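A.B. asks: my questions concern the predicted model and sequence given below.
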Amino acid sequence: MAPSGAQRLSGMQKQVLGLYRGFLRAARSKSAEDRRRIESLVSAEFHRNAKQVDRKNVLLIEHLLRRGKKQLDQLKSPDTIGLSSFDATLPQTKHPKP
């Protein structure tokens with residue numbers, strides 16, 4: 001039961017927190033150096049998305065959850081030693097006038 005005054009979490013919020021916890025659990029199975037790197041990367045990615053993604057953009061959040069689950073499954077593999085990230089945003093280019 002939630003403490004008085006605290007809001008209950010939506011199903012999607014529970015999924016996001018579960019995914020975050022899953023990454024932290026999976027990081028425990030890696031070496032100490034890889035664990036720190038994974039935890040740092042995961043924390044930064046979740047914080048960045050929390051600030052940049054509109055909470056009402058359900059499609060984007062669902063997409064990020066699916067992508068995160070795939071990455072988590074990959075991280076759980078004993079052959080995987082770490083994660084990497086890249087920023088896929090493209091710079092805005094000016095189109096010449098015809």
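C.D. replies: Sure, I can see it.

A.B. asks: and stretch 37-49, average pLDDT?
C.D. replies: Stretch 37-49 carries an average pLDDT of 93.

A.B. asks: okay, buried residues for it please.
C.D. replies: Neighbour-count burial for stretch 37-49 flags 37-38, 41-42, 45-46 (criterion: 16 or more other CB atoms under 10 Å). For every residue, glycine as well, the C-beta is placed using N, CA and C.

A.B. asks: do a quick rundown of the helices in this structure.
C.D. replies: In the chain, the helices defined using DSSP state H lie at 11-27, 32-52, 58-76.

A.B. asks: quick one, what contacts Leu64?
C.D. replies: 49, 53 (CB atoms under 8 Å, 6 or more residues apart in numbering).

A.B. asks: same check, this time on the one 4 residues further on
C.D. replies: Going by CB under 8 Å, 6+ apart, Gly68 touches 19, 23.

A.B. asks: which stretches of the protein have low pLDDT?
C.D. replies: Along the chain, the parts satisfying pLDDT under 70 run over 1-5, 81-98.

A.B. asks: name the nearest residue to the residue nearest in space to the middle of it, sequence neighbours excluded.
C.D. replies: Centroid-nearest residue in the chain: Phe46, 4.5 Å away (criterion: CA atoms, centre = their mean). Nearest residue to Phe46, sequence neighbours excluded (CB to CB, 6 or more residues apart in numbering): Tyr20, at 5.6 Å.
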